[in-house]
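Trainee: Sequence and predicted structure, then a few things I'm wondering about:
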Amino acid sequence: MSTALDVRGLSVTYPRSPVPVLRDVDLHLDHGAQLLVMGASGSGKSTLLRVLAGIVPQTIDADVTGEAAVAGLDPRTTPVPVLAERVATLTQNPADQLCLPTVIDEVAFACENRAVPPAQIQARVERALEQVGGAHLLHRRLSELSGGEGQRVALAAVLAADPQLLLLDEPTALLDPAGVDQIGRAIAAAGPTGRQRSYVLIEHRLDELPQLPEQVLVLGADGTVTAAGPTGQVLGEDGARLAATGSWLPLWAELTAALGAPLASGAPSERAGLRALARRHGLPAQARAPRTRSVGARPAPVILRAEGLTVYRGDRQVLGGVDLTIRAGTVTAVVGANGSGKSSLLLGLAGLARVGGRLEAGRVGMVFQQPEHQFLTRSVREEIAYGLGRDRRDDAVAEAMHAFQLDGLAERDPFRLSGGQQRRLSLAAMTVLDNDILLTDEPTFGQDRRTTRAVAAALRRLAVQGRGVVLVTHDLRLVAGLADHVVVLGSGTVLADGAPEQVLGDVPVLKRAVLALPPSLRAWRDSGLPLAPLLAALDDALELPTELGAA
């Protein structure tokens, strides 16, 4: 058997949907080969993987036409348990597929389901966890894991199973930058039996992966294939169009598109490209002092203050000695490695986790890491309107839907949206409320380039209106362009805080926090150029709307 995947004329239409989400998709993948699937949020990427895994139409109803063979089996008619002997899937939300009480049980279960000899299971479990940077989690309970740690465990279970084909839906979305590198290498490595795996990867964080799949398939907004071929060739020749339609690109491809000339991958070439871009946009050769925000000549009022804050999850202390001041009109980013306590800090500030020390805050709203955990209605329109008085509903809902690129989805069921659409809906529903402070956990999870910009612009507008925004994120490029203040967590406390230029340029602090800069920020740090204006210039060159920066 030489073919891992063979799909011809695949179209998918969900019930009550007026148009197909996928149209006439063709793809072919040999055994041992890798495919990257790109496209804007809502273009059908996750649906494609669900068809290949047999989930659509066997579990999720849809009209599926065309032909498909996955590891020699028809995924539409082969029972999912039979297909799973050859194919393993990592869903966009790892919590959806973690079901046992402990990490060791979860990873071993994947082997037991495939009748791996008992004497081999322990070694497979330990090897898979080591590959994904999760060896220290072996005896932890799943309920104690952070989102990123859960993502590592879910992938470890997939790798331990040693399938012929991996279907991976944003496997790095909740990981710290160093974890992205680890996961990229783990996916590309041979399995425990020495077999080179085939895989199909949906991923936005292309700039942080150690290597890209050799082939790429690009889906358009209408669910059709708009480009396909060798990854380097497609990204190099078609980068400007891909960026403009919402795809993230590696830095070398961004600069190739922005400058209109081929650029090689690698630090020296990328630094030179950034300097050329800066000259073209008239940026100063050296960074100015870090930006600050104030109202008139006086500092903006404090709307949240924590002193000596200790945060507990159950009986376990997660953080201690946290001092934090949030002022009206500012955006504060909280960063740190997986398991450093970022989500726990937000829960503590929101009054949803036990805390010690002093905490004073105005009215607080929070957007959780998993958006579906706070949906309350069965339509997008009603979800946004849920907490509003009737006199504000129509205008506020329309404005929020437009701001978060949810136009045309008013009557859709929130639980039937794509992962990226669900995240934007959860943000829209909370930002329409009159809270003094918005706490948001991974606000750009599952977003393409265009929707990331829309989310960032919406958060900045909240700050301009005089509110305070606190966001937890692993997207350090988002932090660089949006945040006024950055807090770094590690070792159970605050390791550093300051302006983005200061924190992201502090190599010892980043090393202590086990944080790795993506190539775009490494190139910036070594160039001496101003940070936020440089990122804005890159977006301008790619003809993307820029509504951020120091206002």
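Mentor: Received the coordinates, thanks. Numbering: from 1, shown residues only.
Trainee: So in terms of bridging, what pairs with Thr102?
Mentor: In this entry, Thr102 is beta-bridged to Arg141, by DSSP bridges.
Trainee: which residues sit in contact with it?
Mentor: By Cβ atoms under 8 Å, 6 or more residues apart in numbering, the contact set of Thr102 is His139, Arg140, Arg141, Leu142. The C-beta positions use only the backbone N, C-alpha and C, and glycine is treated the same way.
Trainee: ok, the third one - how many residues close by?
Mentor: Using other Cβ atoms under 10 Å as the criterion, Arg141 is surrounded by 12 other residues.
Trainee: Would you mind giving me the confidence score for it?
Mentor: With respect to pLDDT, Arg141 scores 94.
Trainee: quick one, what contacts it?
Mentor: So Arg141 contacts Pro101, Thr102, Val103 (Cβ under 8 Å, 6+ apart).
Trainee: any idea which of the contacts of Thr102 is the one closest to Ala516?
Mentor: Arg140 (23.5 Å; Cβ to Cβ).
Trainee: what sits against that closest one?
Mentor: Thr102, Val103, Glu149.
Trainee: Could you export the helix or strand harbouring the last one as PDB, CA atoms only?
Mentor: Taking DSSP states H and E as the criterion, Glu149 maps to helix 147-160. Taking C-alpha atoms only, helix 147-160 is exported to PDB below (Å, rounded to 0.1, in the frame of the first residue of the first chain):
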ATOM      1  CA  GLY A 147      -4.500  23.700  28.800                       C
ATOM      2  CA  GLY A 148      -1.100  23.400  27.200                       C
ATOM      3  CA  GLU A 149      -0.100  20.500  29.400                       C
ATOM      4  CA  GLY A 150      -3.300  18.700  28.400                       C
ATOM      5  CA  GLN A 151      -2.400  19.400  24.700                       C
ATOM      6  CA  ARG A 152       1.000  17.700  25.300                       C
ATOM      7  CA  VAL A 153      -0.700  14.700  26.900                       C
ATOM      8  CA  ALA A 154      -3.300  14.300  24.100                       C
ATOM      9  CA  LEU A 155      -0.500  14.400  21.500                       C
ATOM     10  CA  ALA A 156       1.600  11.900  23.500                       C
ATOM     11  CA  ALA A 157      -1.400   9.500  23.400                       C
ATOM     12  CA  VAL A 158      -1.700   9.900  19.700                       C
ATOM     13  CA  LEU A 159       2.100   9.300  19.100                       C
ATOM     14  CA  ALA A 160       2.200   6.300  21.400                       C
END
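Trainee: any idea of the mean pLDDT for the next helix or strand after it?
Mentor: Once helix 147-160 ends, the next helix or strand along the chain (criterion: DSSP H and E) is strand 165-169. For strand 165-169, the mean per-residue pLDDT is 95.
Trainee: from now on call the first residue 826
Mentor: I'll keep to 826 as the first residue from here, and by that count the last item is strand 990-994.
Trainee: helices or strands up against strand 990-994?
Mentor: Helices and strands touching strand 990-994, by 3 or more Cβ pairs under 8 Å, 6 or more residues apart in numbering; DSSP states H and E, are helix 870-877, strand 912-915, helix 972-985, strand 1023-1027.
Trainee: repeat that for 10 Å
Mentor: Packed against strand 990-994, as judged by 3 or more Cβ pairs under 10 Å, 6 or more residues apart in numbering; DSSP states H and E, are the following elements: strand 828-838, strand 859-864, helix 870-877, strand 912-915, helix 972-985, helix 1002-1013, strand 1023-1027.
Trainee: Asp886: which of these is closest?
Mentor: So among these, strand 828-838 is nearest, using Cβ to Cβ, at 10.4 Å.
Trainee: angle of that closest one against strand 990-994?
Mentor: 40 degrees (axes from the mean of the first three to the mean of the last three Cα atoms, to 10 degrees).
Trainee: Run a quick check on Ala935 versus Leu954, I expect a contact.
Mentor: No - Ala935 lies out of contact with Leu954 (Cβ atoms under 10 Å); the separation is 11.9 Å.
Trainee: Mutual contacts of these two, please.
Mentor: Common contacts of Ala935 and Leu954, defined by Cβ atoms under 10 Å, 6 or more residues apart in numbering, comprise Ala981, Ala982, Leu984, Ala985.
Trainee: Now distance to Asp849, mean pLDDT and mean neighbour count too, for the helices and strands packed on strand 990-994, in TSV please.
Mentor: Putting the helices and strands packed on strand 990-994 into TSV (distance: least, Cβ to Cβ, whole Å; pLDDT from 0 to 100; neighbours: other Cβ atoms under 10 Å) gives the following:
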stretch	distance to Asp849	mean pLDDT	mean neighbour count
strand 828-838	5	96	19
strand 859-864	15	95	24
helix 870-877	12	95	25
strand 912-915	23	92	25
helix 972-985	30	93	27
helix 1002-1013	29	87	21
strand 1023-1027	18	95	25
